[in-house]
Every structure is written in C-alpha cells, then in structure tokens.
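K.L.:
Pasting a predicted model and its sequence here:
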Amino acid sequence: MDIAEKYSCLSTAINFLMSWPAPAHAAKIAEIRAAELDGNRYNTMTQAAGALVAEYPLAAALMRRAMVQDTLDGAKSKRYRYVAQHLAECACSDAEISDYSDFPSHEKFVANLREKHGRKHGFWGLMGA
C-alpha cells in the first residue's frame with residue numbers, strides 16, 4: 001500500500017487501489033495528492049468517484065472537480081454534458097461533507113469556476129444558470 005500511495009502516476013495508483021480493493025487508501029491519496037489528480041483520466045476518475053462517493057464523499061468530489069477543471073481549462077466542449085453532471089453530483093455530495101479541510105467548499109468552488117470560466121455559456125447553460 002505504501003508503494004501505491006507514493007507511486008508517481010496518481011491515476012495508476014488510484015486504479016490499482018480501487019481494484020485491490022483498498023478504497024480507503026485510494027480516498028486517502030486522492031485527498032493528500034489532490035493537486036495531482038488528472039482530470040483527463042476520465043474513466044479512472046469517474047469509476048473511482050462513483051465507487052467512493054458513499055463512504056468518502058470528499059475524495060469523490062475532488063476527483064470530479066479535477067475532471068470539471070480539466071474540461072473547462074482545456075475548453076473541451078464535447079465533455080461539457082458529462083462534467084455538468086459531475087458538478088451536479090458534487091452539489092449532491094456537499095451535504096455529506098462535514099469538513100472540506102483546506103479545500104474550498106462547493107459554493108466557493110463553483111464561484112471560482114464562474115469567475116474563471118463565466119463566458120463558457122455552453123457549460124453554464126447545462127447547469128441551468
């Protein structure tokens with residue numbers, strides 16, 4: 001587990017830990033190494049977030065946030081529909097997250113997205129705003 005937790009490719013480590021199965025370890029490294037989450041690793045992040053959301057909602061939200069940020073930063077408009085769903089899932093998980101630690105709350109995360117990507121009307125239209 002120690003090797004997996006320190007493995008250089010975080011997505012590979014998460015994939016390994018989820019298949020072991022060791023979801024607690026996957027959630028732990030997602031939170032500790034959140035800045036390294038690769039939102040372009042869509043299949044790994046989507047599957048892991050879905051499997052972790054019930055017991056580890058913060059880790060799941062961080063994975064989904066990584067996909068949202070990667071998509072909006074890269075203007076990957078073909079993915080807007082999917083990441084709009086991920087952001088909606090983050091909103092649903094918000095009530096289950098009692099402590100965001102040093103991470104921004106869901107409200108603050110969305111506000112930061114609006115500030116940085118407010119002109120991406122295709123995305124925000126899918127969010128109903």
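P.N.:
Here it is on my side, so go on.
K.L.:
Show me what the helix ranked longest in the chain is packed against.
P.N.:
For the chain, the longest helix by residue count, based on DSSP state H, is helix 57-73. Contacts defined by 3 or more C-beta pairs under 8 Å, 6 or more residues apart in numbering; DSSP states H and E place helix 57-73 against helix 23-32, helix 42-52, helix 80-94, helix 106-117. The C-beta positions use only the backbone N, C-alpha and C, and glycine is treated the same way.
K.L.:
So what touches the first one?
P.N.:
So the one you mean is helix 23-32. Counting by C-beta atoms under 8 Å, 6 or more residues apart in numbering, helix 23-32 makes contact with 1, 4-5, 10, 13-14, 17-18, 37, 48, 51-52, 55-56, 58-60, 62-63, 101, all of which sit outside it.
K.L.:
In stretch 21-30, which residues are buried?
P.N.:
By neighbour count with 16 or more other C-beta atoms under 10 Å, stretch 21-30 contains the buried residues P23, H25, A26, A27, K28, I29, A30.
K.L.:
Adding distance to G125, write those residues out as CSV.
P.N.:
Shown next, in CSV, are the buried residues of stretch 21-30 (distance: C-beta to C-beta, whole Å):
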residue, distance to G125
P23, 35
H25, 39
A26, 33
A27, 33
K28, 36
I29, 35
A30, 30
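K.L.:
which sections of this structure are below the confidence cut-off?
P.N.:
129 (pLDDT under 70).
K.L.:
From H121, how far off is R65?
P.N.:
Separation of R65 from H121 (C-beta to C-beta, to the nearest Å): 21 Å.
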